[in-house]
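*Asks:* Here is my input, please return the structure:
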Amino acid sequence: MSIKNENFEKYMLEYIDSLYAKYADDLSNAYRFSSICYENSDLEAQFGVYEADLLFLLAKDAAPNKIVEISPCGGYSSTFLYQATRNGQTYESFDIHDRSQANLPESVRKVRNFHLGDVRNHKFDEQIDFLLMDSDHSYEFCDWYVENVFPAVSENSWIFVNDIFDHDGGWYHEKFPFCGTIQSSPNGREGTKLVQFLESKNVEEFFNIQKNSEKLLNMRRKHNVIDLPANIPQVLWTLSSSVIFRKSW
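*Replies:* As a prediction, this is how the structure comes out:
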């Protein structure tokens, strides 16, 4: 890891700690709301605890004018974005199925503009101020979104990419410790392409949630953030394979 990223990681940990302190009660309430949404659902949350924390905290503090979420699946991440952005921001969500629509309460559906269908058919020609990408984890899909979605993200805005894996153990395996072991295509998978893209743009500053999960847990405890409600699977404590960075190119 470069000195530049070591400094950024230190900055991020201090910044995140301040966000936990500032929004601990709001974050706890967001978990309570999410728990209510899932109370009568057979869908399981597929978004890690620290991902949900940082998604909420960063969106809450940034107060972006426009949020885009690609592939919310059952809508768990949507409950946190909804709680973080209740001040009139534009909130667009895209997926190839409508499970999240069926799972979310009317209060969320009224705020979230949901687009059903293949997101690759959508032209992103309006500015995006906060991006959550948690979709097809293939090399090819990542190749599409770095060319067609990233350009719409405004400068210095947060990009949050969930489930980043190096499934091939390639040259970036040691440098970028967000890794997995499942089989991939000949080109690699999403992590392969994203790392290649970031390096091509000289982006050295990124925050790896998995690497810092123990520190994040200590922050949650220090600031008395609510534990996971009983109806949200405890396995989510271990799902921490996201990378966060600001658009700097």
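*Asks:* got the contact list for Asn156?
*Replies:* Shown in contact with Asn156 (CB atoms under 8 Å, 6 or more residues apart in numbering): 246-248. (Each C-beta comes from the backbone N, C-alpha and C, glycine too.)
*Asks:* count of residues packed around Glu204?
*Replies:* Neighbourhood size, Glu204 [other CB atoms under 10 Å]: 17.
*Asks:* How about the secondary structure of it?
*Replies:* With DSSP: H, G, I helix; E, B strand; the rest coil as the basis, Glu204 sits in coil.
*Asks:* Check the gap between it and Thr192 for me.
*Replies:* 18 Å (CB to CB, to the nearest Å).
*Asks:* and if you look at Ser213?
*Replies:* With distances taken as CB to CB, Ser213 is found 23 Å from Thr192.
*Asks:* follow-up on the earlier one: return the members of the contacts of Asn156 classed as buried.
*Replies:* Among the contacts of Asn156, those that count as buried by neighbour count (16 or more other CB atoms under 10 Å) are 246-247.
*Asks:* where along this structure do the strands fall?
*Replies:* Counting by DSSP state E, the chain has strands at residues 66-70, 90-95, 112-116, 128-133, 153-161, 207-208, 243-246.
*Asks:* Just give me the lowest mean pLDDT stretch among these.
*Replies:* In terms of mean pLDDT, the lowest-scoring of these is strand 207-208 (a mean of 88).
*Asks:* what packs against that one?
*Replies:* helix 3-38, strand 243-246 (3 or more CB pairs under 8 Å, 6 or more residues apart in numbering; DSSP states H and E).
*Asks:* Give me whichever of those is most buried.
*Replies:* strand 243-246 (a mean of 20; mean count of other CB atoms under 10 Å).
*Asks:* Relative to Leu57, how far out is the residue nearest to the spatial centre of the chain?
*Replies:* For the chain, Phe160 is the residue whose C-alpha lies nearest the centre (CA atoms, centre = their mean; 4.1 Å). Distance, Phe160 to Leu57, by CB to CB: 11 Å.
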